[in-house]
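Visitor: Pasted the sequence and its predicted model underneath.
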Amino acid sequence: MGRLGHRLRFAGKKLLRMVLLLFGVSAVTFALMAASPLDPLQTNVGQAALGSMSPEQIAQLEAYWGMDVPPLERYLSWLIGALHGDFGTSLLYRQPVLTVIGQRLRSSLWLMLTAWILSGVLGLALGITAGACRDRWPDKLIRGYCFTISSTPAFWLALLLLMIFSVWLGWLPIGLSIPIGMDAASVTLLDRLRHAILPALTLSITGVANIALHTREKTIDVMESDYALFARARGERPLAIAVRHGLWNVALPAITLQFASISEIVGGSVLVEQVFSYPGLGQAAVTAGLGSDLPLLLGITVVTAALVFAGNLAADLLYGAVDPKIRRGAARS
Amino acid sequence: MPPILEIRDLSIHFVQYERGFRRRRLPVIRDLSLTIQPGQVVAVVGASGSGKSLLAHGILDLLPYNGQMEGSILYQGEPLSPRRAEQLRGDEIVLIPQGVTYLDPLMKVGDQIRRGRKDPDSRARCTAALQRYGVGPEVEALYPFELSGGMARRVLIASAVVDRPKLIITDEPTPGLDAKAAGRILGHLRELAEEGAGVLLVTHDLELALTIAHRVTVFYAGETIEEAAAQDFSSSAGLRHPFTRALWRAMPQHGFHPLSGAQPYPGTVDTGCPFAGQCSRCRPDCVQTQRIPLRPWRGGAVRCLFPEEEASS
Ligand SMILES: Nc1ncnc2c1ncn2[C@@H]1O[C@H](COP(=O)(O)OP(=O)(O)O)[C@@H](O)[C@H]1O
Ligand SMILES: [Mg+2]
């Protein structure tokens, strides 16, 4: 079996798993929504308005919200559409689901990408520093920070930041992704950045703790490893060891961790966007969930699940590039 | 000419925190002394877990983070301070470690042996060192996981002789090898001694140690209990401590009589002889005496109140 064959089989397996995963995620989401006690008409139209409507109008509305079709049939028709690339139309936004997701994802992506990179880079740097200075003050400081942050709910941190930077200091805007009342064309990059800072900061601050603590453990393992000892016995200096042996060996678990953190960032963004009224994907998910906008919710779960899955796939591929056992093993098997 | 290495009353212990609060000293090696002359192979023989690797690492000032060391180490007659150890490591004093886990799994073998140097001279010396042990240059491009057991051993030895070391510390050089390969590796070590280096051979295998060692130090429960010349082992009568005689009788060619019982964990015996529990000649004094000293005896040394006389068995 050649190297290419091995790669293809690897990719094939992953792809199959992804299809199964997306299928499962959408089915669970649908089941949860079907079991939801929320009545779409009551929540979206309102008790008073419903009372003044004729039965025909109500029947029309029920048809619009898909209440007249049995759940299984509804799911199957969604699934068939989705398989053809048609994710339906959002009931609340009255636009194709993919268009809504596209818009929302664009503003969320800023946020998540910044938080992802920031927490990854900072987490790695803090973790390595703490591990290398084990039990001395930099380590104690960093660990103290991480434990405090890990036990702080993200939304609470968001409120705190909002209070300090937006309310008291007035340095940053309170919410939304662009200034209120400004037309989209005249919004500058700076405006967007200023609005994204606080949400991104919240997400990063919470993300850093986890990555830093894990990286610290791994750094300690590496510094105490047999091969670090032998490198010192060969006369290599501590700094050289940290760079020559430490970085690569910490990089392996860090890659996995970093890509696994995508799911945490996506999850965290739902809460944080809510607090900052940031019109991103997370906020849309909450809106869709509470408003019984089934096509939109299904679309969002499928897209985010695919995002997380793509992250794991990227981790696997990168891992293979760094770890000679996989790289060479694959080449020979 | 001063000895290459002289260790006096070396003790190593760990500091551990019990339930996060109470500090506890965990002794591993107590009052170890040994001397290595240039051209000499000195073996340290002890059971698994008796602190042999720690001794090897301690000499190079490479104890684990919670390990501490007392006593004196002289290298060529001068104290081997941590600073000096750091300067000499890898050049004059080298370690041949216990196994392939001592190689970085993510770095090619050649890069590790060359310690990151890339100049033609370093490359040539690396290739020559490997070649000396029958390892071809293609191995330099392999990763540690691609080496067989015997190949890894030879690579580890080669890594020690890229420069001309004066003191070679080797930790269990033979496990996992068949008798022929083990014999070859020991032959290489003997050869390095014949070229003038001092060799400290750390092993649990007395029989193998005796094939190349000039002198043997025996460990029991973290203490040196006997120091003897290799030829003292030619008969049981030449040995001084009951434990050493028991080891001798346990060797295959001497009847394979195993010693019953187990060594106490280092530091668990506070007063008296640590071997008391397994000794057939134990007397009340042996248990009551506070601390039994290591004392010179018939050209070697022994830690026993009633050392074996030449004639007894
Ligand atoms: N960092 C550490 N903290 C506490 N105990 C340790 C540590 N490292 C090793 N030890 C203990 O020291 C003893 C000696 O270990 P080692 O030198 O590896 O033995 P050997 O090489 O003779 O088999 C072992 O019992 C081990 O459990
Ligand atoms: Mg050992």
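Guide: Nice, thanks for sending it over. Numbers count the residues shown, from 1 in each chain, chains lettered A, B, ... in the order given. Ligands and ions are numbered 1, 2, ... in the order given.

Visitor: and the residue of chain A found nearest ligand 1, what is it in contact with?
Guide: With CB to the nearest ligand atom as the measure, residue A:224 is the residue of chain A nearest to ligand 1, at 8.0 Å. (C-beta placed from N, C-alpha, C; glycine too.) The contact partners of residue A:224, taken as CB atoms under 8 Å, 6 or more residues apart in numbering or on different chains, are B:64-65.

Visitor: quick one: the strands in the stretch 51-200 of chain B?
Guide: Secondary structure of the stretch 51-200 of chain B (DSSP state E, counting those that start in this stretch): strands at B:67-75, B:78-79, B:93-96, B:167-171, B:198-203.

Visitor: can I get those strands in a markdown table with mean neighbour count and distance to ligand 1?
Guide: Shown next, in a markdown table, are these (neighbours: other CB atoms under 10 Å in any protein chain shown; distance: least, CB to the nearest ligand atom, whole Å):
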| stretch | mean neighbour count | distance to ligand 1 |
| --- | --- | --- |
| strand B:67-75 | 16 | 6 |
| strand B:78-79 | 10 | 23 |
| strand B:93-96 | 28 | 13 |
| strand B:167-171 | 24 | 7 |
| strand B:198-203 | 26 | 7 |
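
Visitor: Of all those, which one is nearest chain A?
Guide: strand B:93-96 (4.1 Å; CB to the nearest CB).

Visitor: Which residues outside the closest one are in contact with it?
Guide: By CB under 8 Å, 6+ apart, strand B:93-96 touches A:230, A:233-234, B:56-57, B:59-60, B:62, B:75, B:85, B:89, B:156-157, B:159-161, B:163, B:165-171, B:173.

Visitor: mind redoing it with 6 Å?
Guide: A:233, B:60, B:156-157, B:160, B:165, B:167-170 (CB atoms under 6 Å, 6 or more residues apart in numbering or on different chains).

Visitor: likewise stretch B:153-167?
Guide: B:4-5, B:91-94, B:96, B:109, B:113, B:125-126, B:129-130, B:133, B:135, B:168, B:185, B:188, B:197-198.

Visitor: and what of stretch B:70-88?
Guide: B:2, B:5-11, B:60-61.

Visitor: ok, now stretch B:133-148?
Guide: A:324-325, B:100, B:103, B:105, B:108-110, B:127, B:154, B:157-158.

Visitor: how many other residues sit next to the closest residue to residue A:171 other than its chain neighbours?
Guide: What sits nearest to residue A:171 in space, not counting adjacent residues and going by CB to CB, 6 or more residues apart in numbering or on different chains, is residue A:165, at 5.2 Å. Using other CB atoms under 10 Å in any protein chain shown, residue A:165 is surrounded by 17 other residues.

Visitor: how far away is residue A:165 from residue A:205?
Guide: 13 Å (CB to CB, to the nearest Å).

Visitor: on that earlier part again, now, among the contacts of stretch B:133-148, which is nearest to residue B:242?
Guide: Of all those, residue B:242 sits closest to residue B:157, with 35.5 Å by CB to CB.

Visitor: Can you check what pLDDT the model gives the closest one?
Guide: For residue B:157, the model assigns a pLDDT of 89.

Visitor: was I right about the residue nearest to residue A:171 contacting residue A:172?
Guide: Yes - the pair residue A:165 / residue A:172 is scored as a contact, 4.7 Å apart, by CB atoms under 6 Å.
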